[in-house]
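K.L.:
here's my sequence, what's the structure:
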Amino acid sequence: MDNYKYILLSTKRVSVWGIGYLGYTMLLRLQAKGFSSNVHDFNKNRLNSIKNGEYPTKIHRDSWTSKGHIPLLDLSKINIEYTLENMFQNKVQIISYPLNATIESASKLINCFLYHKQKLKDALILFQSAETPGFIETNFITPLKKNNIDCSFATIFRTDWSFEELSNQKDKQVISGYDETSIKKTQLFLNMIAIEEYEILQSIREAEIYECSRKTLQLSVSSFTNQLMMAYPETNIRKIVRFLVKNVQLDDISPSIGTIEYKYSSATSFLIEGSLYPERFTILQNVESANTSTIINYAEIIIRNSIVNVVILGVCEKGDQKNTSLTRSLLLTEKLLSEGIKVWIHDPFFTNKEISRLLPEAYYLEDISDAPVHDCFIVMTDHNTYQYITQKDLDRLGISSAKLIIDNVGLWKKFYFSEQTFYHIPGDGKLVDLEL
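P.N.:
Down below sits the predicted model:
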């Protein structure tokens, strides 16, 4: 890695592909940190405009910044490349436009890299724009690897859409790489251009999923506020939304076997009931069905894996509370029972009589140690009682050798299980193995 650092510092020159918003603002950052650049764009007119000092145009400035002003590039530090020979002299190649925007441009770029593959040895190829999850590896990395191109691949996906967003950006940069060497090269390069705050994802596909999900979440929230406006046309929703974006807590959200927290559910129902036009709340009308479908999907997965008996630990949604309004444990149990699976229920806050009333066909466990050998244990609630369970308890009760453990709250993630046991926390990436 020291050799790679030496090479970068020897020239302090990188190649930038694409001179749209991402490419232009990346060039600004590079120049601010003393880097020169070779620049190519498949749009020859754009290259001419840059060379003549006529780029960005007013249309570009208006779309890139709300103030209509964006710093100019130092053209003396840029080589405009109409042919591609010089583009491959540098050990950092920055792709600053979406490869899947047009098949033609993606094919051109891949063909260029294949043609000059000998010059790409030890190079780092960085992608700034997120694609369909799996697109970069399938359509760019794999073809190059098949041709034995010895280089590194990583992402530094951008989240800004305007110069103001870029200037005021406070979030950490999210990066990913094809392998460990790719990550180390990326860290080294980012440190050179003064980007020192970043989070690392394990794969390029994960980074693509993250970036697309981030934008989708923003779109979903925006769509909800628009429907809120239409459902409550008599209310100043603009003022309410200003408070909403400041006070909604998202820090404790994590994947789980459905989310049917009774307070959330009732609030959703109240919002629909109080609307002048409830039919306009299509997003809210789908929320509960979406969460219920997750529970049903997990039940079907358990069934497909030939599980015949299950122990469910915890009835309540929240630990150390007693509430059964629309709990996912009840829905999951009902589905499993309907398919002929035997289900034992344990919850320190419920008696045998209460469980029998809620789930007459289920078995009640007064103590976890009373459970016979079972195929599957599902930890649904983080009751304090369950947090005191030890490795010895798991071994003694046969839990550590069960066929399937679904730990909805991640209480047992540090424990050891047998090689035959499939341990799964919702969202851990192992669900696909249960789906097979």
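
K.L.:
how many other residues sit next to A154?
P.N.:
When counting by other CB atoms under 10 Å, one arrives at 25 neighbours for A154. Just so you know, the C-beta spots here come from the backbone N, C-alpha and C atoms, and that holds for glycine as well.

K.L.:
tell me if it really is in a helix.
P.N.:
No. A154: not assigned to a helix; according to DSSP: H, G, I helix; E, B strand; the rest coil it is strand.

K.L.:
what is it paired to in the beta sheet?
P.N.:
L126, G177 (DSSP bridges).

K.L.:
show me where the stretch 201-350 of the chain has its strands.
P.N.:
All strands of the stretch 201-350 of the chain, identified by DSSP state E, counting those that start in this stretch, fall at 309-313, 342-346.

K.L.:
what lines up beside the first one in the sheet?
P.N.:
If you go by DSSP bridges, strand 309-313 pairs up with strand 342-346 (parallel), strand 376-379 (parallel).

K.L.:
nearest to N408 among the ones you listed would be which one?
P.N.:
Across these, N408 has its closest neighbour in strand 376-379 (5.8 Å, CB to CB).

K.L.:
what average pLDDT does the helix or strand following the closest one get?
P.N.:
Counting by DSSP states H and E, the element after strand 376-379 in chain order, helix or strand, is helix 384-387. Across helix 384-387, pLDDT averages out at 90.

K.L.:
can you name every helix or strand that helix 384-387 contacts?
P.N.:
Judged by 3 or more CB pairs under 8 Å, 6 or more residues apart in numbering; DSSP states H and E, helix 384-387 is in contact with no other helix or strand.

K.L.:
can you give me the buried ones in that helix?
P.N.:
T385, Y386 (16 or more other CB atoms under 10 Å).

K.L.:
what about it, distance to the chain center?
P.N.:
Its chain's C-alpha centre and that of helix 384-387 lie 30 Å apart, by CA atoms, centre = their mean, to the nearest Å.

K.L.:
ok, then the element right after that helix?
P.N.:
From helix 384-387 onward toward the C-terminus, using DSSP H and E, the following helix or strand is helix 391-396.

K.L.:
of the strands paired with strand 309-313, which approaches Y232 most closely?
P.N.:
Using CB to CB, those put strand 376-379 closest to Y232, at 39.7 Å.

K.L.:
ok, residues contacting the closest one?
P.N.:
Strand 376-379 is contacted by residues 257, 302, 307, 309-314, 332, 386, 399, 402-409, 411-412 when judged by CB atoms under 8 Å, 6 or more residues apart in numbering.

K.L.:
likewise for stretch 44-56?
P.N.:
Contact partners of stretch 44-56, identified using CB under 8 Å, 6+ apart, comprise 19, 24, 39-41, 57, 64, 70, 72-73, 75, 78, 80, 82.

K.L.:
can you check stretch 177-186 too?
P.N.:
With CB under 8 Å, 6+ apart as the contact definition, stretch 177-186 has outside contacts at 1, 4, 124, 126, 137, 141, 152-156, 175-176, 200, 203-204.

K.L.:
how close does E317 get to D382?
P.N.:
Going from E317 to D382 by CB to CB, to the nearest Å gives 10 Å.

K.L.:
hang on, the earlier thing: wait, which of the contacts of stretch 44-56 is closest to R13?
P.N.:
Proximity of these to R13 (CB to CB) peaks at I78, which lies at 10.1 Å.

K.L.:
so what's that closest one up against?
P.N.:
Contacts of I78 by CB under 8 Å, 6+ apart are L27, S36, S37, N38, V39, I50.

K.L.:
can you get me a residue count around the fifth one?
P.N.:
Using other CB under 10 Å as the criterion, V39 is surrounded by 25 other residues.

K.L.:
pull out the buried members of the contacts of stretch 177-186.
P.N.:
Buried, going by 16+ other CB under 10 Å: 4, 124, 126, 137, 141, 152-156, 175-176, 203-204, out of those.

K.L.:
can you list these in JSON lines and add distance to I237 and pLDDT?
P.N.:
JSON lines is the format used below for the buried ones among the contacts of stretch 177-186 (distance: CB to CB, whole Å; pLDDT from 0 to 100):
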{"residue": "Y4", "distance to I237": "53", "pLDDT": "91"}
{"residue": "L124", "distance to I237": "47", "pLDDT": "97"}
{"residue": "L126", "distance to I237": "41", "pLDDT": "97"}
{"residue": "E137", "distance to I237": "42", "pLDDT": "92"}
{"residue": "I141", "distance to I237": "45", "pLDDT": "92"}
{"residue": "S152", "distance to I237": "48", "pLDDT": "96"}
{"residue": "F153", "distance to I237": "44", "pLDDT": "97"}
{"residue": "A154", "distance to I237": "42", "pLDDT": "97"}
{"residue": "T155", "distance to I237": "37", "pLDDT": "96"}
{"residue": "I156", "distance to I237": "37", "pLDDT": "95"}
{"residue": "I175", "distance to I237": "37", "pLDDT": "96"}
{"residue": "S176", "distance to I237": "38", "pLDDT": "97"}
{"residue": "S203", "distance to I237": "40", "pLDDT": "94"}
{"residue": "I204", "distance to I237": "39", "pLDDT": "96"}
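
K.L.:
in these, find the pair that's most separated.
P.N.:
Within these, two members stand farthest from each other by CB to CB: Y4 and E137, at 22.4 Å.

K.L.:
follow-up on the earlier one: farthest-apart pair in the contacts of I78, please.
P.N.:
Across the contacts of I78 (CB to CB), the longest gap, 14.5 Å, separates S36 and I50.
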